[in-house]
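[1] Give me a 3D structure for the following:
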Amino acid sequence: MLAERETFDTIQEKLECSRTYITRWKSRFLRDGLAGLFARHRGRKTSALTPAEIESLRVRLDQQAVMTTAVRLTRADYLGALGVFLLVFASTFPIIVPLIVVKEMRLALGLSNAVAVLMLFIAGWTLGRHAGRPAWRSGLGMVAVGIGLVALTVALGG
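    The predicted model follows:
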């Protein structure tokens, strides 16, 4: 980017980084060439492949036959997709029923939220029972997480 005569400000804006960051990478490039642009890890020594090992790997991959058979979906794939569909449908449909049935929008939205909170409580209750934890506390915890996510969504404009 600097070689293309772009200003530091333009590079900062495009890469969303500081001037110090750009200066550091520029000095590494001027000192070490392209090798200076590779990341430097200060922790333990990495087990990166040498250029000779990379070339050997590339040659072996080029020699392997390309898979030409078409992948076919099996009965298990279709049953899995059906299971996912039914799970999503069963977990979202009760929440939208009040929006379909009730004419007044404020009431419908309130009922929809109540159904969602009830479903969260039931899911938390069930999880708590199966995990050997207090069911009420687990249910209320799940409701708290749901309320927190809704508050975050509203705060972000959703």
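
[2] the residue most distant from the middle of this protein, which is it?
    Centroid-distance maximum for the chain: R31 at 37.9 Å, with C-alpha atoms, centre = their mean.

[3] do you know how far that residue is from L111?
    Here R31 is placed at a distance of 67 Å from L111 (C-beta to C-beta, to the nearest Å). (C-beta placed from N, C-alpha, C; glycine too.)

[4] quick one: low-confidence ranges for the protein?
    Within the chain, the stretches with pLDDT under 70 are 1-2, 36-47, 67-68, 158.

[5] Which residue ranges make up each domain of it?
    The chain breaks down into these domains under automatic domain parsing: 1-41, 75-155.

[6] Please work out which of those domains is packed deepest.
    Neighbour counts (mean count of other C-beta atoms under 10 Å) averaged over each of the domains of the chain peak at domain 75-155, with a mean of 13.

[7] got the end-to-end distance for it?
    44 Å (C-alpha to C-alpha, to the nearest Å).

[8] can you put the domains of the chain in CSV and add distance to Q64?
    Formatted as CSV, the domains of the chain follow (distance: least, C-beta to C-beta, whole Å):
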stretch, distance to Q64
domain 1-41, 28
domain 75-155, 26
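
[9] In contact with the closest residue to G141 other than its chain neighbours, which residues are there?
    Leaving aside its chain neighbours, G141 sits nearest to G124 (5.9 Å; criterion: C-beta to C-beta, 6 or more residues apart in numbering). By C-beta atoms under 8 Å, 6 or more residues apart in numbering, G124 lies in contact with A135, S138, G139, L140, G141, M142, V143.

[10] what are the phi and psi values for the third one?
    Same thing as G139. phi -60, psi -50 (degrees, to the nearest 10).

[11] Now for it: which residues touch it?
    Residues in contact with G139 (C-beta under 8 Å, 6+ apart) are L120, F121, I122, A123, G124, W125, G128.

[12] how about those in CSV, adding distance to V101 and secondary structure?
    Compiled in CSV, these are given as follows (distance: C-beta to C-beta, whole Å; DSSP: H, G, I helix; E, B strand; the rest coil):
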residue, distance to V101, secondary structure
L120, 21, helix
F121, 22, helix
I122, 21, helix
A123, 23, helix
G124, 26, helix
W125, 26, helix
G128, 31, helix
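
[13] Specify which member of the residues you listed is nearest to S91.
    Distance to S91 across the contacts of G139 (C-beta to C-beta) is lowest for A123, with 8.9 Å.
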